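Trainee: I'll drop the sequence and a predicted model, then ask my questions.
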Amino acid sequence: MKKVSRQDFIFQSGILAAAALLSPIHSYTKEMDQIKVGVIGCGKVSQAYLPHLLKSPAVELVSVCDIVPERVYETAEKHTIPHQYDNIEAMLEGAPFDILVNLTDMQEHGRLNRQALEKGRHVWSEKPLANSYREGRSLLDLARAKGLKLWSAPVVVNSPQFAFMSRTIQDGKLGKIAAAHGHYGHRGPSWSAFFYEKGGGSLPDLGVYNLSTLTGLLGPAKSVIAMTSIVTEQRTTGNKGEIEVEAEDNAMVLMEHANGTLSHVQSGFNYFDPYGHEGTGQNRPTISIWGTKANMSLIGYDWAPFGVELATLDNRETVRYETDAGSYLWEEGASVVSESLYSNSEPIINCEHALHVLEIIEAARESQETGRRISLTSTFPYPLV
Ligand SMILES: NC(=O)c1ccc[n+]([C@@H]2O[C@H](COP(=O)([O-])OP(=O)(O)OC[C@H]3O[C@@H](n4cnc5c(N)ncnc54)[C@H](O)[C@@H]3O)[C@@H](O)[C@H]2O)c1
């Protein structure tokens, strides 16, 4: 069978995507010299990732791994994935693959990402990419030393709505930007305890989306001041029953950006939300930015946006723009970076940005512990779009 060259891929993947609407995808994927993917963590989020990966013409799903063996076998059977493992060591020594997609508990990410990099694998990690900024930085150093790539969720910067907002800001249409706000919360995950254990919390699980969006739009933060708390002290979880909550489930973070711009993010696991965990039907702003010449809001959550509203000095009536998300989906990250490896191109998503957001989360915790304002050291290429 004829293989498709990497250069041709950029052009042909559009045709393949169109053809895939008419015919079974597998008949196309077999013809290509694909990126081999291994997925670790067969829990809830894998149910969104795997179908997206299977649709990508650039991806060959080689293996799945989970420490709960029945999850591995059920997942492998459902998606016809040939190799199954119940520990990362066996996975890394087993059927060869190019990139590890890490969908495990937050506290496991740093350790597993390091093991994969040490064994020469690129890594796509669910957020956060490590348990601390320092650990994350050392992972990126390791990746670079080995000529490997490391990326982390979320992919909010990939949406057309983010691009519209970024271009509007870069074009100066908002004038001087003074203030911005983001919020995201629900009543908390029920299936796994790790969200509430040390190293978990609403900031790395939920606040991370707004922090990525606002730093992506306004530029790196210079300092952070924050308060966090625990509102619900005990939770009943699917895998460990009744537990004591150790990580914050309520957070308020203030960021100082360049030129006097201040922004605020709030996240929590105690927010009643009529739109639920999925945010389906959410039609109100969750991100708002105020400048001297205009204000702009993102409608719906930043991980699943429905449009951008803009009111300006010249046109005071609020107008809704960019109501189509195109092919953007929050679960696309592993497919998008695999496609970038395949076509030897740089995706918009950037590991330095993910590290900056990790430093903000750590600084927010330090600010709560010490009552101090915390200066940040990291930065990232800005603007992203
Ligand atoms: N569930 C969602 O809607 C959602 C959405 C976006 C991002 N995320 C993120 O995805 C990650 C996973 O969340 P989830 O909801 O799927 O959790 P989950 O508990 O449903 O799944 C995690 C899986 O990882 C496995 N695991 C843990 N340690 C492991 C190890 N050392 N080796 C192999 N497998 C291991 C667990 O057995 C479990 O099956 C988290 O970082 C979360 O923040 C979740």
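Mentor: Great, that's in hand. What you see is a predicted model, and the numbers here were worked out from it, not measured in a lab. Numbers count the residues shown, from 1 in each chain.

Trainee: count of neighbours near whichever residue of the stretch 1-150 of the chain sits closest to the ligand?
Mentor: Per C-beta to the nearest ligand atom, G43 is where the stretch 1-150 of the chain lies closest to the ligand, at 1.8 Å. Any C-beta I mention is one placed from the backbone N, CA and C, and that applies to glycine too. If you count neighbours by other C-beta atoms under 10 Å, G43 ends up with 17.

Trainee: any low-confidence regions in the chain?
Mentor: Low-confidence segments of the chain, defined by pLDDT under 70: 1-32.

Trainee: so where do the helices sit in it?
Mentor: 6-20, 26-29, 46-55, 69-79, 88-93, 109-118, 133-145, 160-170, 202, 208-218, 333-343, 351-370 (DSSP state H).

Trainee: By neighbour count, which bits of the longest one are buried? Give me those.
Mentor: This points to helix 351-370. By 16 or more other C-beta atoms under 10 Å, the buried positions in helix 351-370 come out as 351, 353-365, 367-368.

Trainee: and I225, how many neighbours does it have?
Mentor: 17.

Trainee: Now do the contacts for it.
Mentor: Taking C-beta atoms under 8 Å, 6 or more residues apart in numbering, we find I225 in contact with V253, L254, S367, R372, R373, I374.

Trainee: Would you convert these into CSV that also reports distance to the ligand?
Mentor: Shown next, in CSV, are those (distance: C-beta to the nearest ligand atom, whole Å):
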residue, distance to the ligand
V253, 18
L254, 24
S367, 22
R372, 28
R373, 28
I374, 23
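
Trainee: quick one on the thing from earlier: correct me, but the residue of the stretch 1-150 of the chain closest to the ligand touches R71?
Mentor: Yes. With contacts defined as C-beta atoms under 8 Å, G43 counts as touching R71 at a distance of 7.1 Å.

Trainee: anything in contact with each of those two?
Mentor: By C-beta under 8 Å, 6+ apart, G43 and R71 have no common neighbours.

Trainee: and the residue of the stretch 201-350 of the chain nearest the ligand?
Mentor: D205 (4.7 Å).

Trainee: from what I can see that residue touches Y196, true?
Mentor: No. Applying C-beta under 8 Å as the test, D205 and Y196 come out as separate, 9.9 Å apart.

Trainee: Tally up the residues packed near the residue in the stretch 101-250 of the chain that the ligand sits nearest to, please.
Mentor: In the stretch 101-250 of the chain, the residue that lies nearest the ligand is S192 (3.4 Å; C-beta to the nearest ligand atom). By other C-beta under 10 Å, 17 other residues sit near S192.

Trainee: show me the residues around it that make contact.
Mentor: Taking C-beta under 8 Å, 6+ apart as the test, what S192 contacts is G43, K44, D105, T237, G238, N239.
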